[in-house]
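**Q** fold the stuff below for me.
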Amino acid sequence: MPRSTASRPAKLVKGNLPTKVCLTCGRPFEYRKKWRNCWEEVKYCGERCQRNKPTRPASS
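**A** Residues are numbered from 1 along each chain as shown. This is a model prediction of the structure:
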């Protein structure tokens, strides 16, 4: 029996992955499989940018 494709989520195609811009370095980065459960929360392209988060400017 063939399986129904209606219950499966849409598969991401490598050429059509969502992208975001890193808040630290400003470079665009693409969706990664390890971020599949938390993509909406991802803000930085990697650990180094996450450690060097931009600080808020001091108000004068």
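**Q** what about the strands in the protein?
**A** Taking DSSP state E as the criterion, the chain carries its strands at 19-21, 28-30.
**Q** so can I have CSV of the ones you listed showing distance to residue 39?
**A** For the C-beta atoms, the positions are set from N, CA and C on the backbone; glycine is no exception. Listed next are these as CSV, based on distance: least, C-beta to C-beta, whole Å:
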stretch, distance to residue 39
strand 19-21, 8
strand 28-30, 11
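**Q** as TSV, those with mean neighbour count and distance to residue 52 would be great.
**A** As requested, these are exported to TSV (neighbours: other C-beta atoms under 10 Å; distance: least, C-beta to C-beta, whole Å):
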stretch	mean neighbour count	distance to residue 52
strand 19-21	12	16
strand 28-30	13	15
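**Q** do you know which of those lies nearest residue 53?
**A** Of all the strands of the chain, it is strand 19-21 that lies closest to residue 53, at 14.6 Å by C-beta to C-beta.
**Q** re earlier: put together JSON lines for the strands of the chain, with distance to residue 43 and mean pLDDT on each row.
**A** As requested, these are exported to JSON lines (distance: least, C-beta to C-beta, whole Å; pLDDT from 0 to 100):
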{"stretch": "strand 19-21", "distance to residue 43": "8", "mean pLDDT": "96"}
{"stretch": "strand 28-30", "distance to residue 43": "10", "mean pLDDT": "95"}
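**Q** residue 38 is nearest to which of the ones you listed?
**A** Closest approach to residue 38 among the strands of the chain is made by strand 19-21 (12.3 Å; C-beta to C-beta).
**Q** which elements pack onto that closest one?
**A** Judged by 3 or more C-beta pairs under 8 Å, 6 or more residues apart in numbering; DSSP states H and E, strand 19-21 is in contact with strand 28-30.
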